[in-house]
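Undergrad: could you look at this predicted model? Sequence included:
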2 protein chains.
Amino acid sequence: MGSLTIGRLAAAAGVNLETVRYYERINLMPSPARTASGRRVYGSGDVRRLAFIRRARELGFGIERIRALLALAEPSRGSCAEVRKIARTHLDEVRAKLADLAKLEAILAETISRCSADPAPSCPVLDMLATPERAQARNAGTAQGFGGRAQG
Amino acid sequence: MGSLTIGRLAAAAGVNLETVRYYERINLMPSPARTASGRRVYGSGDVRRLAFIRRARELGFGIERIRALLALAEPSRGSCAEVRKIARTHLDEVRAKLADLAKLEAILAETISRCSADPAPSCPVLDMLATPERAQARNAGTAQGFGGRAQG
DNA sequence: TCTGCATCCCGTAGCGGCTACGGGCGCAAG
DNA sequence: CTTGCGCCCGTAGCCGCTACGGGATGCAGA
């Protein structure tokens, strides 16, 4: 039937091949059957699971939360309420990041605009960076590092 | 004069002590003078530099960009235009992330609201995750992982 | 059948930006 | 003098991959 190599599985779900092996290593994807020579053999259920994971990752869910979602997605294990709770928590985090980023955006945009407006004696951007935050209009609160990596 | 231990420097600039040593290792902070027993000795210039770095990190600048900004901040090295260019690039990235996050937020919020509205037969959140993205109203484009770590 | 390339195997190290831990010192206050 | 904090250093861990190296296998064309 629909038996796939790892490469075809990865392509079908739109995920990097190495990422599939990584998901297997961390037990997010199950260990598949193997051919005599040791190659992985997948079926259509694996495609669905992997596509689910990919979609959840695109929406910013962390691996552990995806693990929980997958467990709740097992046929009639767990309630929709539990799923909603996880999604709500994630949504709250997304909103917090949005708020932080919006503050950064405002500060940066304002500072840069001053930069182009005045033929200033000193650089407004450097001045802003050299100024203690409490002296500033409004600051970004607990800012985040931007460690995120593009996927795709 | 104002000679400080690493702990006092860190506290003065509002940065973790270990982070200061990390910045030294990656040459973002200079190697300071040492006492006979090997302890680091800092001055007020170091406090200013470290506070500048901290502020730039809070605004989401990456280490390499901060390195460039610090070089441009040296007394009358480089123009305000160069500084502005770095800040503009960063602002563009912040805006891109903001746009991505806003899309995630919309999808999550909409899906979750359907979840609470209907006493649905199947869970809307799980359905959404199981649905190929092109079948959805509008998707998040190139989404980011949320690898960022809180600082502070 | 032989050649040659694509695909797969595995383990490990690297990315950014720290944080944490372990084991061992120095230094100052009580 | 002793206690305990502060500092020293090196290394490993966090997330979610990605990349690399060196080898084995599978398949298609000549």
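TA: The structure has been received and is ready for your questions.
Undergrad: let me see the contact set for residue A:51.
TA: By CB atoms under 8 Å, 6 or more residues apart in numbering or on different chains, the contact list for residue A:51 reads A:12, A:13, A:14, B:130, B:132. (Glycine included, C-beta is placed from N, CA and C.)
Undergrad: swap the cut-off to 10 Å and go again
TA: By CB atoms under 10 Å, 6 or more residues apart in numbering or on different chains, the contact set of residue A:51 is A:9, A:12, A:13, A:14, A:15, B:129, B:130, B:131, B:132, B:133.
Undergrad: surely residue A:126 touches residue B:69?
TA: Yes - counting by CB atoms under 10 Å, residue B:69 is a contact partner of residue A:126 at 7.2 Å.
Undergrad: count of residues packed around residue A:14?
TA: By other CB atoms under 10 Å in any protein chain shown, 15 other residues sit near residue A:14.
Undergrad: repeat for residue A:62
TA: Residues near residue A:62, counting by other CB under 10 Å: 15.
Undergrad: now swap in residue A:29 and tell me
TA: Around residue A:29 sit 22 other residues, with neighbours defined as other CB under 10 Å.
Undergrad: can I take it that it is in a helix?
TA: No - assigned with DSSP: H, G, I helix; E, B strand; the rest coil, residue A:29 falls outside any helix and is coil.
Undergrad: among the contacts of residue A:51, name the ones in strands.
TA: Among the contacts of residue A:51, none falls in strands (DSSP state E).
Undergrad: could you pull out the helices for chain A?
TA: A:6-13, A:17-25, A:44-58, A:63-73, A:80-117, A:124-130 (DSSP state H).
Undergrad: so can I have JSON lines of those showing distance to residue B:27?
TA: Formatted as JSON lines, these follow (distance: least, CB to CB, whole Å):
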{"stretch": "helix A:6-13", "distance to residue B:27": "39"}
{"stretch": "helix A:17-25", "distance to residue B:27": "32"}
{"stretch": "helix A:44-58", "distance to residue B:27": "34"}
{"stretch": "helix A:63-73", "distance to residue B:27": "33"}
{"stretch": "helix A:80-117", "distance to residue B:27": "26"}
{"stretch": "helix A:124-130", "distance to residue B:27": "19"}
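Undergrad: take the ones you listed and lay them out in CSV including mean pLDDT.
TA: Conversion of the helices of chain A to CSV gives the following (pLDDT from 0 to 100):
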stretch, mean pLDDT
helix A:6-13, 96
helix A:17-25, 97
helix A:44-58, 96
helix A:63-73, 94
helix A:80-117, 92
helix A:124-130, 84
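Undergrad: okay if I get those as CSV plus distance to DNA strand C?
TA: What follows is the helices of chain A, written out as CSV (distance: least, CB to the nearest atom of the strand, whole Å):
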stretch, distance to DNA strand C
helix A:6-13, 2
helix A:17-25, 5
helix A:44-58, 12
helix A:63-73, 13
helix A:80-117, 14
helix A:124-130, 14
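Undergrad: residue A:34 reaches residue A:41, doesn't it?
TA: Yes - with contact defined as CB under 10 Å, residue A:34 reaches residue A:41; the gap is 6.5 Å.
Undergrad: ok, these two, which is more surrounded?
TA: Using other CB under 10 Å as the criterion, residue A:34 and residue A:41 rank with residue A:41 on top: 14 against 10.
Undergrad: that one and residue B:103, how far apart?
TA: Taking CB to CB, to the nearest Å as the measure, residue A:41 falls 36 Å from residue B:103.
Undergrad: many thanks, have a good one.
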